[in-house]
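In: Could you work out the structure for the sequence below:
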Amino acid sequence: MSYGPYPLISLKEARDKRDRDKKLLLEGIDPASVKKERKLAAEIAARGRFEVLAEELLDKNRREGKAEQTIKKKSWLLDMANEKLGKRPIMEITPSEVLAVLKKQEQAGNLETASRLRSTIGEVFRYAIATGVTANDPTVALKGALVRKRVKSRAAITDKKQLGNLLVAIEEYTGYRVVKLGLRLLAILHVRPGELRLAKWDEFDLEHGKWTIPEERMKSRMEHVAPLPSQAVQILEELKTLSHPDALVLPSQSLKVKPLSENTFNQALRKMGFSKDEMTAHGFRATFSSLANESGLWNPDAIERALAHIEGNEVRRAYARGAFWDERVEMAQWWADLLDELQRGAS
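Out: Predicted structure coming up:
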């Protein structure tokens, strides 16, 4: 058996290794097998580091087609975790170690970041459990250990007269026309701003009045089909003249291949004179929900489905995907017509 080249391995070291191997042989143990086991243990230990498993999780998410922005945010959070946990064997990490990482963010006033960091670290541990590297998730023991951020509902206008005034302000907006049309679509379609900002033309079937939002952009991680009332189709037809058919529906003004920024819609609302405590881009969802429920015309479940709020098990989720479609089509046109009526009344 070779012990390494001389002079990297001294004669004394070689003799010591030879004597150790002889002793193993006398005990009925194969030295070569021991060496292989040690090498395997070292490889397992290397893979078992938190940072290695975190990177494997990110790679898995990429192969699953998760949105690039989601990957970036998760990577940013894991970089924070890796500062203290990265080199540690994942099976040895304790709840108190994880809590120390989270408390650093909490003490800096970053309560939302601390909460998301706990969730993301938990993802790494669940991945490690699934792949047989460890058996426990220390983040489970930390439930309730962090200061909870007080949830503040996004501001939304639910008064019909005020809504009419808002619609007039949007119509009179003199900024980038794509932003104006985007705000009108948000009001009509009551989708999440990010779902609209990143929309592509191949998602729309204007002839049949449908918009299919892919699962990677949905909060529920499930494809959502939204009916398009005639007013939305008309706006989209105009937007077609302002962007390339292979590009985004709402391109940035400075760089047409880039989407509008996350703050664009809210900034436009501020320029119109609506403060963040009065109305937000996300608030159009609450506006629709409030007035649609208040009307008493529609099944509450149809309203929830229109908002892509899906709860329950996989069977119920699969059923809900196509449920209430006819009612949702009728409700979408009713809502767009109501917005037109309120705008005319405020003009």
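
In: For the helix or strand containing residue 167, which residues meet the burial criterion?
Out: Using DSSP states H and E, residue 167 maps to helix 160-171. Residues of helix 160-171 classed as buried: 160, 162-170 (neighbour count, 16 or more other Cβ atoms under 10 Å). For glycine as for every other residue, the C-beta is placed from the backbone atoms N, C-alpha and C.

In: Also stretch 236-249?
Out: Burial within stretch 236-249, assessed by neighbour count using 16+ other Cβ under 10 Å, is assigned to 236, 239, 248-249.

In: which pair in those spans the largest distance?
Out: Across the buried residues of stretch 236-249, no pair lies farther apart than 236 and 248, at 12.6 Å, counting by Cβ to Cβ.

In: can you give me the helices in the stretch 51-200 of the chain?
Out: Assigned by DSSP state H, counting those that start in this stretch, the helices in the stretch 51-200 of the chain fall at 68-85, 95-107, 111-130, 160-171, 177-189, 193-197.

In: try the stretch 201-347 of the chain
Out: Listed in chain order, the helices found in the stretch 201-347 of the chain under DSSP H, counting those that start in this stretch are 230-240, 264-271, 283-295, 300-306, 314-322, 325-346.

In: which stretch in these is the model least sure about?
Out: Averaging pLDDT over each of those singles out helix 314-322 as the lowest, with a mean of 50.

In: just to revisit the earlier point, so for residue 93, which of the helices of the stretch 201-347 of the chain sits nearest?
Out: Ranking these by proximity to residue 93 (Cβ to Cβ) places helix 314-322 first, at 32.0 Å.

In: Please name the residues that touch residue 194.
Out: Counting by Cβ atoms under 8 Å, 6 or more residues apart in numbering, residue 194 touches 217, 262.

In: what's the closest non-adjacent residue to residue 70?
Out: Distances taken as Cβ to Cβ, 6 or more residues apart in numbering place residue 61 nearest to residue 70, at 7.3 Å, with adjacent residues excluded.

In: shouldn't that neighbour be in contact with residue 69?
Out: No. Using Cβ atoms under 8 Å, residue 61 is not in contact with residue 69, being 11.8 Å away.

In: Between the two, point out the one with more neighbours.
Out: For the pair residue 61 and residue 69, the greater number of neighbours falls to residue 61 (17 against 13), based on other Cβ atoms under 10 Å.

In: ok now do that one, which residues does it touch?
Out: Per Cβ under 8 Å, 6+ apart, neighbours of residue 61: 70-71, 74.

In: from the chain's centre, how far out does stretch 81-92 sit?
Out: 24 Å (Cα atoms, centre = their mean, to the nearest Å).

In: Apologies, that question was intended for stretch 172-184.
Out: The answer for stretch 172-184 is 27 Å, by Cα atoms, centre = their mean.

In: how about low-confidence regions in this structure?
Out: Within the chain, the segments meeting pLDDT under 70 span 1-47, 149-153, 310-322.
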